[in-house]
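K.L.:
pasting the sequence and the predicted model now:
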Amino acid sequence: MCEQDTEKSRTRLKKDAHHLQRTGEKLAALSEAQLSRMDIPTDLVEAILTLKTMRSHGARRRQMQYVGALMRQVDGEAIDRELKEIEQGAALQTKAFHRLEEWRDRLVTGDDVLMEEILGIFPDADRQRLGQLVRSARKEAGKETPSRPARHLFRYLREISKE
């Protein structure tokens, strides 16, 4: 094997650098709490938090380049894995939210079989309270404005699903 085969080409190095900078942009989109849970150096976290406070385009661009330079010193693959886990967690939360919305809508439109299924899934749920919330939401269903009882029903469904 010659020396060129073991060294990365300039194109590969540039692509890797761009990938790390894009990863840095994804990190900049995370909340402070999410950043603190990740296993990344404190100087990188500080650089990202500084980036979040900047408004000037040129300053943000330079800070982003600095973040990219700091990213070259860390394990980019480990950070990519953690980012993927965060994205998957957000997708699961969104899916659960949509499921609760669907349940609420079906209950309001009169699906009593679903109420029995929900009570089977969540045996600790208060049958009487769920029934009251469904009846109240059904009364308000014909009105044009968003229904307050429907919001209360959604909150209760969310509450029992987290237990």
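P.N.:
Structure's in. What do you need?
K.L.:
what helix or strand is the residue nearest the centre of the chain on?
P.N.:
The centroid of the chain falls nearest to A90 when counting by CA atoms, centre = their mean (2.8 Å). Under the criterion of DSSP states H and E, A90 resides in helix 76-108.
K.L.:
average pLDDT across that helix?
P.N.:
Per-residue pLDDT over helix 76-108 has a mean of 89.
K.L.:
for that helix, buried residues please.
P.N.:
By 16 or more other CB atoms under 10 Å, the buried positions in helix 76-108 come out as 79, 82-83, 86, 100, 103-104, 106-108. Quick note: C-beta positions are derived from backbone N, CA and C, even for glycine.
K.L.:
ok, so of the residues you listed, who is nearest A28?
P.N.:
Nearest to A28, judged by CB to CB, of these is L83 at 11.5 Å.
K.L.:
distance check, that closest one against K15.
P.N.:
To K15, L83 is 18 Å away according to CB to CB, to the nearest Å.
K.L.:
then W103?
P.N.:
Distance from W103 to K15, by CB to CB: 46 Å.
K.L.:
what does A47 give?
P.N.:
According to CB to CB, A47 stands 22 Å off from K15.
K.L.:
quick one: mean pLDDT for the helix or strand hosting A137?
P.N.:
Using DSSP H and E, A137 sits in helix 127-140. Mean pLDDT, computed over helix 127-140, is 90.
K.L.:
what packs against whichever helix or strand comes after that helix?
P.N.:
Following helix 127-140 in sequence order, the next helix or strand is helix 148-162 (DSSP H and E). Using 3 or more CB pairs under 8 Å, 6 or more residues apart in numbering; DSSP states H and E as the contact test, the elements touching helix 148-162 are helix 76-108, helix 127-140.
K.L.:
mind running it again at 10 Å?
P.N.:
helix 76-108, helix 112-121, helix 127-140 (3 or more CB pairs under 10 Å, 6 or more residues apart in numbering; DSSP states H and E).
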